[in-house]
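Q: Okay, structure incoming, though there's no sequence with it:
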């Protein structure tokens, strides 16, 4: 096991005022001069290697927007995450914190990044992750949480533990994140990429850009596909770039117009993959008889069952 | 192995303007309403448990200011960090990201945190971590790096890899960080705490506050001690709070008036510990014949040798 900081570039900041601050408690004031050079755009990766992996292809785990690699480690109610399930199944694993998230760090704004990040409230997460209903509108802007959806597989009694692992993110920084993922793939590919939500979109982009390094994509509720039918879009890619993709979708879509819209975009991209001669499969969990999953099936009570279906698909690729 | 998010509290943000932003690439604009509830003040911890640890006391690893738990995992030149050395020596280990650092996440400012964070430039780190001389002053505020000190143990040819793992931090948030560490100790104590730099100061504070949970402190170039001879300071603590402390100091102090000052403060605190009947030991590496260490002895070329000295001290406590 080894951790890595991958990609990024140097940026120089000038003309900031010099401050007098107490940096060490009870240590007195000293000059704080933040002018100088910074690393910008790097990502973090923890590499888990088995003595005898079942496959030469490691599985790279790419988290969703506003999250970190911790989402693969443990569930909010303290069960083992997919990281351990994959290792137990015999795969080498690389857990990633994307640029600006978690241990990857982030850069000052507006001097380096142009603008401020966005933050996700607990209330937005409850609805957007399809855990349950919004609370009835009240006088407060912090409305609290509504009832969970019936049959919800997410461990909603420990929703607070999910909220504590959400981190800020910047909008419009996809190119910077993708550049670091490209560097990651050069280091660890050929590989299989599991991408959740925004990470699933990055995985699809990566498969377009580096088909010799991404041998399969598992998109768990993936969003933000490459544009279809546009210059530079998928249609321009050669058939050899049409590697195998699997999309995994949870339940409760009837409650979320936003998610139906995002899913339509991914559906269109999957169809485009098929037309280009690629294998573009879908694991629609409710259709497969697995009901009640949230946006985070890897954290849900039946996460092990979902992982097993994904592993079966992976195995099927090589038969 | 399991990861945890520990401590913190809920804070509500109101009256922020609602934005229209494209959150998912090619997904169209949607409302972004950041009003609502947030988790603030939590920390992250990865717990490594052995089947048969040599001690019932796990070792908690607390990083320095502007760093994350990654500093214990791997060295800039790709060697194994102290995390693995401790596991190989038979200790259970808990690697921590303090509040606001790494996977712990951080909260918006000025709505929740009062002010902006501070960032450490590569140039400041080069000097402050006692890697080498400052570059001669030039026309640019980004002066670049000077020559490394002769005999430098830090792998300075890979200094860029250290720069890529530095993260922003806030000044004056010690009470919030310490509250999360208190919650961590309640969960994992009794234990031994290894704290580097600012983390060493937190470890000394923790030993004062929770002597039943902190059974020994290893401060690696620790800074920010509790005030001595002041109300609420160490002299008010009962003798049973005077648990065993070890301070580890590297080399090149002659080049750094700032570090001599910080060290004097820690020396005074160590003396105060001794007067209170505690064991307050010092491993001055150059005096012990180990020359050339930087502020980051756990990353230095001779890091394994330094760790062995620390383990010998730990073993000595129980004999």
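A: Thanks, I have the structure now. Just so it is clear, the structure is predicted and the values come from calculations on it, not from any experiment. Numbers count the residues shown, from 1 in each chain, chains lettered A, B, ... in the order given.

Q: all contacts plus neighbour counts: C-alpha atoms, from now on.
A: Will do.

Q: buried set for stretch A:13-23?
A: When burial is assessed from 16 or more other CA atoms under 10 Å in any protein chain shown, stretch A:13-23 yields the following buried residues: A:13, A:23.

Q: which residues in the stretch 1-150 of chain A form helices?
A: Chain-ordered helices for the stretch 1-150 of chain A, with DSSP state H, counting those that start in this stretch as the definition, fall at A:82-88, A:122-128.

Q: now for the first one, which elements pack on it?
A: For helix A:82-88, the contact count by 3 or more CA pairs under 8 Å, 6 or more residues apart in numbering or on different chains; DSSP states H and E identifies strand A:93-97, helix A:303-317 as packing neighbours.

Q: Provide a list of residues in contact with residue A:307.
A: Shown in contact with residue A:307 (CA atoms under 8 Å, 6 or more residues apart in numbering or on different chains): A:82, A:85, A:298.

Q: Okay, now the unreliable bits of chain A?
A: Residue ranges of chain A with pLDDT under 70: A:138-143, A:228-241, A:319.

Q: Show me the strands in it, by range?
A: Assigned by DSSP state E, the strands in chain A fall at A:2-6, A:9-13, A:19-22, A:29-32, A:36-40, A:43-48, A:59-62, A:93-97, A:132-134, A:145-148, A:191-196, A:214-220, A:244-249, A:280-284.

Q: Now the phi/psi pair for the closest residue to residue A:162 other than its chain neighbours, please.
A: If the residues on either side of it in the chain are set aside, residue A:162 comes closest to residue A:76, at 5.9 Å by CA to CA, 6 or more residues apart in numbering or on different chains. Phi and psi for residue A:76, reported as degrees, to the nearest 10, are phi -60, psi -30.

Q: now residue A:76: how far from residue B:284?
A: 43 Å (CA to CA, to the nearest Å).

Q: Which positions in stretch A:185-193 come out as buried?
A: By 16+ other CA under 10 Å, the buried positions in stretch A:185-193 come out as A:185, A:188, A:189, A:190, A:191, A:192, A:193.

Q: Contacts for it, please.
A: A:57-62, A:203, A:210, A:212-218.

Q: show me which of those residues neighbour chain B.
A: By CA under 8 Å from any CA of the partner chain, no member of those lies near chain B.

Q: Out of those residues, which is nearest to chain B?
A: Within those, the smallest distance to chain B is 13.2 Å, found for residue A:203 (CA to the nearest CA).

Q: what's the spacing between that closest one and residue A:150?
A: The gap separating residue A:203 from residue A:150 is 32 Å, by CA to CA.

Q: For chain B, what's its nearest residue on the stretch 201-319 of chain A.
A: Among the residues of the stretch 201-319 of chain A, residue A:224 lies nearest to chain B; the distance is 4.6 Å by CA to the nearest CA.

Q: Give the full set of residues in contact with that residue.
A: Taking CA under 8 Å, 6+ apart as the definition of contact, the neighbours of residue A:224 are A:198, A:200, A:201, A:202, A:262, A:265, A:266, B:24, B:25, B:26, B:27.

Q: Please apply the same query to residue A:113.
A: Residue A:113 touches residue A:107, counting by CA under 8 Å, 6+ apart.

Q: and if you look at residue A:18?
A: Contact partners of residue A:18, counting by CA under 8 Å, 6+ apart, are A:31, A:32, A:33, A:34.

Q: Give me the buried entries from these.
A: By 16+ other CA under 10 Å, the contacts of residue A:18 give A:32, A:33, A:34 as buried.

Q: Pull the contacting residues for the first one.
A: Looking back up the chat, that one is residue A:32. The contact partners of residue A:32, by CA under 8 Å, 6+ apart, come to A:18, A:19, A:20, A:21.

Q: which one of those sits closest to residue B:100?
A: When the contacts of residue A:32 are ranked by distance to residue B:100 (CA to CA), residue A:21 comes first, at 18.8 Å.

Q: Against chain B, how distant is the closest one?
A: Distance of residue A:21 to chain B, computed by CA to the nearest CA, to the nearest Å: 8 Å.

Q: From what I see, that residue and residue A:33 are in contact.
A: No. In terms of CA atoms under 8 Å, residue A:21 does not count as a neighbour of residue A:33; the distance is 10.1 Å.

Q: What sits closest to residue A:170 if chain neighbours are left out?
A: Counting by CA to CA, 6+ apart, residue A:170 lies nearest to residue A:117, which is 4.4 Å off, once chain neighbours are set aside.

Q: Please state the offset of the lengthiest helix in chain A from the chain centre?
A: Secondary structure of chain A per DSSP state H: the longest helix is helix A:257-275. Once both centres are worked out by CA atoms, centre = their mean, to the nearest Å, helix A:257-275 turns out to sit 18 Å from its chain's centre.

Q: by contact count, what packs against it?
A: With contacts defined as 3+ CA pairs under 8 Å, 6+ apart, helix A:257-275 has these neighbours: strand A:280-284.

Q: If we use 10 Å, what do you get?
A: The helices and strands touching helix A:257-275, judged by 3 or more CA pairs under 10 Å, 6 or more residues apart in numbering or on different chains; DSSP states H and E, are helix A:198-209, strand A:244-249, strand A:280-284.

Q: could I get the ones you listed as a markdown table with distance to residue A:144 and mean neighbour count?
A: Below are these laid out as a markdown table (distance: least, CA to CA, whole Å; neighbours: other CA atoms under 10 Å in any protein chain shown):
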| stretch | distance to residue A:144 | mean neighbour count |
| --- | --- | --- |
| helix A:198-209 | 26 | 25 |
| strand A:244-249 | 27 | 22 |
| strand A:280-284 | 30 | 17 |
